[in-house]
Every structure is written in C-alpha cells, then in structure tokens.
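1. have a look at this prediction, sequence included:
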Amino acid sequence: MFTTIKRTAFALAVVFIGWIAIMATVMLLSDVAPAAVVFFPSPELLADLPDDTSILALERFRLTVVNATGGTRALYDAGAWLVLPAGLTGCLPLTKAQKAQLLARQSG
C-alpha cells in the first residue's frame, strides 16, 4: 500500500511540474494571456522593469503585470525566474463584459 501512495504522489508531482512547464512555455512563445504573473519578485526585478510596464498588482509574493508583445522576455531580462500566464478564463470564451474590462485595463 505504501508503494501505491508513493507512486500516486510521484505521478501528481510529475503532472504538476509538467503543467507549470507547459504554462511557462506557452507564455514565452505567445502573448495570448492578458496578464503575466511573477512569483517572489525581487527588488532588483522591480527596479529593472521596463518603463512601459503596467503593474496590475504587487504583493509580497507575486507581481502581476499587463502582458504586451515581448513582455515575457522583458520580465525574464529584468530578472524573473518564472513567468506564468494570468487572467485567462480557461476553456470558456470571454464574455463581452470581460473583454471590455480587459481592454479598459490595457488602455488605462
């Protein structure tokens, strides 16, 4: 029985790590996410952010910024160790109200 628990825990860990890797790769290769999140932002990262970066939220353990063309690469260049997508609705399409809200954030 203990072996079954170990196998299950290992499988869950592999799935979780694989999911994070896929999300980071998608974020690096495309700009489909409306926002990007960086966990554990350092003071150096904050100081090295490009001037045109729009910060949506800055908390102790995460930084959320509006995603722009080349934004992921700029975050990595500024010192982020992992950039993940934020603001996605999952498999469901955005409603008109959600699209309007995202456009207002990006233009404001």
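-> Noted; the coordinates are in hand.
2. I'd say Thr64 and Phe39 touch.
-> No: between Thr64 and Phe39 there is no contact under C-beta atoms under 8 Å: 10.2 Å. Every residue, glycine included, has its C-beta placed from N, CA and C.
3. between the two, which is the more surrounded one?
-> Using other C-beta atoms under 10 Å as the criterion, Thr64 and Phe39 rank with Thr64 on top: 18 against 12.
4. looking at this, that one is in a strand?
-> Yes: under DSSP: H, G, I helix; E, B strand; the rest coil, Thr64 falls within a strand.
5. what's across from it in the sheet?
-> Val37, Ala57 (DSSP bridges).
6. who's in contact with it?
-> Ala35, Ala36, Val37, Val38, Ile55, Leu56, Ala57, Leu58, Ala86 (C-beta atoms under 8 Å, 6 or more residues apart in numbering).
7. if I look at it, how far off is Ala9?
-> Remark: distance between Thr64 and Ala9 (C-beta to C-beta, to the nearest Å) = 31 Å.
8. please apply the same query to Ala78.
-> Distance from Ala78 to Ala9, by C-beta to C-beta: 35 Å.
9. and the most centrally placed residue in the chain, which of the three is it?
-> When C-alpha atoms, centre = their mean is applied to the chain, the residue found nearest the centroid is Leu84 (2.3 Å). Put simply, Leu84 is strand when judged by three-state DSSP.
10. can you give me the helices for the chain?
-> Ranges of helices in the chain, per DSSP state H, are 2-29, 43-48, 71-78, 96-107.
11. now the least confident helix or strand in the chain by mean pLDDT - C-alpha only, CSV.
-> Every helix and strand of the chain was ranked by mean pLDDT, DSSP states H and E. The lowest is helix 96-107, at a mean of 77. Provided in CSV are the C-alpha atoms of helix 96-107 (Å, rounded to 0.1, in the frame of the first residue of the first chain):
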residue,chain,number,x,y,z
LYS,A,96,-18.4,40.8,-23.8
ALA,A,97,-18.1,42.4,-20.3
GLN,A,98,-14.8,40.5,-19.6
LYS,A,99,-13.4,41.7,-23.0
ALA,A,100,-14.4,45.3,-22.2
GLN,A,101,-12.8,45.1,-18.8
LEU,A,102,-9.5,43.7,-20.2
LEU,A,103,-9.4,46.4,-22.9
ALA,A,104,-10.1,49.1,-20.3
ARG,A,105,-7.1,47.8,-18.2
GLN,A,106,-4.8,47.7,-21.1
SER,A,107,-5.7,51.2,-22.4
